[in-house]
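Trainee: following is a predicted model, sequence given first.
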Amino acid sequence: MPRLFPIDKTRNIGIIAHIDAGKTTVTEAILFRTGRIHKIGEVHEGTTQMDWMEQERERGITITAAATTSFWSPKAQEGDTKAPDAHRINIIDTPGHIDFTVEVQRSLRVLDGAAVVFDGKMGVEPQSETVWRQADKFGVPRICFINKINQIGGDFYKSLDAIRKRLSPNSYPIQIPIGFEKETSGIVDLVTMKAYRYNDYTDKHLVEGEIPADLKDKANEFRHELLEKVVEGDDALLEKYLHGNKISEDEFRGAIRQATLKGDFFPVLGGDGRGVIVQSILDTVVYYLPAPTDLPPVRGEDPKTHDQVERNPADSEPFAALAFKVANDPFSGTLTFFRVYSGTLKAGSYVLNVAKSEKERVGRIVRLHANHREDVEEVFSGEIAAAVGLKYTVTGDTIADPEKPILLENITFPDPVISQAIEPKTKADQEKMGIALSRLVQEDPTLKVRSDPETGQTLIAGMGELHLEIIVDRMKREFGVGANVGRPQVAYKETIRNKATAEGKYIRQTGGRGQYGHVWLEVEPKEHGGGYEFINKIKGGAVPQEFIPPVEKGVKQAMEKGVMAGYPMVDMTVTLYDGSYHDVDSSELAFQIAGSMALQEASRRANPVLLEPIMKVEVVAPEEFFGDIMGDLSAKRGRIEGSDNRGTAKVIDALVPLSEMFGYATSLRSMTQGRGSFTMEFKAYEEVPANVAQAIIAGKKA
């Protein structure tokens, strides 16, 4: 099957933003303008294409990243696939709620560019900063769209100022709006220096015309700023500009494109994201965001030699792709979303899961439009698709040509901060619950499931209360599992502050063969986020090689249980440096138990402490409630980071322990007569104050 679209006319983009900034509405309008749908769905009515899950439609929020493909021709100004300048745009609409940040993170890992949507009434909001930092981490070039500037309180210039102050000073408008708030009726394009107007947002096309007289000076000023900024990176163009020679439209666009691709310049545009103005977003995506060929070759490791290897984005290269999402489909089974970095893949062929050294058969390949599937025979480099039939592949795994394997960098995800006990309602639900949870864990890397050895309960852990609520709801709807849930609990952790050593000796003498395991361990703290490390320093065979892995297994088991209040231990180095064995009585089990005993004793001697998740909280409320909110946050052990004005409202930034934030939505509503709102996201783990730690330990042991 021949390739329909050349790789240089392919764009893989994500729509990312804070919750309620209008991402899904913008995506719907894009699909409408490109002819993919014939009516724009409304989020509040639950009729959008991209929010297809029942839970999304009920709550009016995006929960899972949805993928679709559309086509756009800037010259024809429509989704004409036959036009000479037609481009294929693969779009992923991502969630804005912080509980589902995993969806943004894994999408950004495989995307080439992003459109960041801002609410023109609110400017830069907390999750806007989070997704911006995530895009920085993955080096994703992006454009900024200031949405809702046609609504009361919508202000393009105020939002632009907030973007420059809080995200990047290198954010420059490439168009400015005509009109203000409800009088908004078009844009001035600073490259063509033409006005593009509409009578109503539902118009079919923008109408080209002259710049209004009252905007000419402002347009010239912004154009001059933009031109000066983008020619900085092009010596030939800078020379031309300094000599007063005219810069053509194509040269100007080329300079903006090059600056954007470097990742340190961000074009800004604005408008009403429901309507005809999204044509300018599509033009901007085509003109300024990268094709797969604009990016450096993908780097990875040869699993046999461990040498660094590269793959160019070309169909002629060996096949290499990254699985970035797994979804359970009631009709197709497991769908594995993947991004092809090089080569091609045909349905029915075999690939190697490089991370697990397992061969997999790709039964079918589908292209996606939200929850609709379109079977394709083959996918090419630079494309995004989903495979049906992969058994072993999970998020972050590399699939590649079995003859030319490459291991791409995995995706790392944050640890859960909240847990909840869950139990099946009936005997019939018991077996189904295990299957449901294993499927959901396969889909969601931030969902963790474990059994509490003391109570026998099943605990689910995730990124927030809404995250766990959705998981329980999905179990009921998709898997028919009725479950009772306990109150949400904070996911505390334990660590050590000092270095210590301890002996673990396990000797059991019964009739016949006994048990003998003996080790000496040293534990040492690591910096926050340093993880766990096991070092083997045994010399002279004091502990035989075959018993080293069982010792580490025992260490890990003991770390899972902790030594203070049963919470998992983190951020420490464990060194096995001595021990002894018995020719007859030593066994793997004996050394596993000895390792566990030594770890527990050493940790108790090493000044163990409890860690708790600290949340970054932003509260927005009318000024008259400012003092009450500040006092309440301080009473919750909160540290006030600062306050600011946003329109007529006051914004308070604070760091507050998660344990103090349960039920805050209700108390904030009553404190502000229903006029306050807040957002929070995980910031870091910090040591729990001694008096609070004692209460937590006492409560755990009660």
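Mentor: Sure, I can see it.

Trainee: what is the burial count for Q457?
Mentor: 14 (other C-beta atoms under 10 Å). C-beta: built from backbone N, CA, C; applies to glycine.

Trainee: quick one: contacts for the nearest residue to L215 once chain neighbours are set aside?
Mentor: With C-beta to C-beta, 6 or more residues apart in numbering as the criterion, L215 has its nearest non-adjacent residue at 5.9 Å, and that residue is V188. Residues near V188 by C-beta atoms under 8 Å, 6 or more residues apart in numbering: Q175, I176, P177, I178, K194, A195, Y196, I211, L215, A219.

Trainee: show me how this structure divides into domains.
Mentor: For the chain, the structural domains run 7-294, 313-408, 418-490, 494-606, 611-701, going by automatic domain parsing.

Trainee: give the helix, strand or coil label for E560.
Mentor: Classification of E560 by DSSP: H, G, I helix; E, B strand; the rest coil places it in helix.

Trainee: need the per-residue pLDDT for it.
Mentor: E560 is assigned 89 on the pLDDT scale.

Trainee: nearest residue to it in space, please, no chain neighbours.
Mentor: Looking at E560 with C-beta to C-beta, 6+ apart, the closest residue is P568, at 5.4 Å.

Trainee: surely that neighbour and A558 touch.
Mentor: No - contact criterion C-beta atoms under 8 Å: P568 and A558 do not qualify, at 10.3 Å.

Trainee: who has more neighbours out of the two?
Mentor: For P568 versus A558, neighbours defined as other C-beta under 10 Å are more numerous around A558 (25 against 17).

Trainee: now do the contacts for that one.
Mentor: A558 touches M569, G595, S596, M597, L599, Q600, S603, counting by C-beta under 8 Å, 6+ apart.

Trainee: that one and V523, how far apart?
Mentor: Per C-beta to C-beta, to the nearest Å, A558 is found 11 Å from V523.

Trainee: give me the common contacts of the two.
Mentor: L599, S603.

Trainee: ranges for the strands of the stretch 501-650 of the chain?
Mentor: Taking DSSP state E, counting those that start in this stretch as the test, the strands found in the stretch 501-650 of the chain are 515-525, 532-536, 572-580, 608-622, 639-646, 649-657.

Trainee: show me the contacts for V584.
Mentor: Neighbour list for V584: R513, G514 [criterion: C-beta under 8 Å, 6+ apart].

Trainee: just grab the bridge partners of S677 for me.
Mentor: Going by DSSP bridges, S677 is paired in beta bridges with V620.

Trainee: unless I'm mixing things up, it is touching V620, no?
Mentor: Yes - with contact defined as C-beta under 8 Å, S677 counts as touching V620 (5.3 Å).

Trainee: of those two, who's got more company?
Mentor: Comparing S677 with V620 by neighbour count (other C-beta under 10 Å), the higher total belongs to V620, at 21 against 15.

Trainee: and the more buried one, how far is that from A17?
Mentor: Counting by C-beta to C-beta, the gap between V620 and A17 amounts to 17 Å.

Trainee: show the subsequent helix or strand relative to the helix or strand of the chain with the lowest mean pLDDT.
Mentor: Within the chain, no helix or strand scores below helix 54-59, which has a mean of 45 by mean pLDDT, DSSP states H and E. Next helix or strand after helix 54-59 toward the C-terminus (DSSP states H and E): strand 66-72.
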